[in-house]
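**Q** Predicted model and sequence below, questions to follow.
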Amino acid sequence: MVKSSSSLSVVIPAYNRAELIGQTLRSLLNQTLPADEIIVVDDGSTDSTAEAAESEFSVFSRQYSAKAKLPEFKVIRQQNAGPAAARNRGFAESTG
């Protein structure tokens, strides 16, 4: 796959971060240079990290979709393989 040099992808590897993922996403979504794509890789969390990420993005999209172009958003779930594997998986799935 050829990656585009003109788009910005953000990969967030996450493990048991349900309580923090919303704050992370809000920060990303409020940047002056917005990402074109945000990928959260849930690395086998035993809490509700993936669901919290999806919920936060859903709330943000309802509030701001008319005001700004929203980034593509993906949550990838995988068995726990560690942060390097999660980053690599996110990179492999990214388009930017």
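**A** In hand now; what should we look at? As the structure is a prediction and not an experimental result, all values here were calculated from the model.

**Q** Alpha carbons of stretch 78-91, in CSV - could you do that?
**A** Extracted C-alpha coordinates of stretch 78-91, given in CSV (Å, rounded to 0.1, in the frame of the first residue of the first chain):
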residue,chain,number,x,y,z
GLN,A,78,-6.5,-7.2,18.7
GLN,A,79,-5.3,-9.7,21.2
ASN,A,80,-2.7,-8.3,23.6
ALA,A,81,0.6,-8.2,21.8
GLY,A,82,2.3,-5.1,23.4
PRO,A,83,2.7,-1.5,22.4
ALA,A,84,5.0,-2.0,19.5
ALA,A,85,2.6,-4.5,17.8
ALA,A,86,-0.3,-2.1,18.4
ARG,A,87,1.6,0.8,16.8
ASN,A,88,2.6,-1.4,13.9
ARG,A,89,-0.9,-2.6,13.4
GLY,A,90,-2.2,1.0,13.4
PHE,A,91,0.5,2.0,10.9
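
**Q** Low-confidence bits of the chain, can you list those?
**A** Scanning the chain with the threshold set as pLDDT under 70 gives 1-5, 65-68.

**Q** hey, where'd the helices end up in it?
**A** 18-29, 49-64, 83-93 (DSSP state H).

**Q** for these, which one sits closest to residue 38?
**A** Of all the helices of the chain, helix 18-29 sits nearest to residue 38, with 6.1 Å by CB to CB. The way it works is simple: take the backbone N, C-alpha and C, and place the C-beta from them, glycine included.

**Q** Which other helices and strands does that closest one contact?
**A** Applying 3 or more CB pairs under 8 Å, 6 or more residues apart in numbering; DSSP states H and E, one finds that helix 18-29 contacts strand 9-14, strand 37-43, helix 49-64.

**Q** coming back round to it: residue 11: which of the helices of the chain is closest?
**A** Nearest to residue 11, of the helices of the chain and by CB to CB, is helix 83-93 at 3.2 Å.

**Q** Done for today, thanks.
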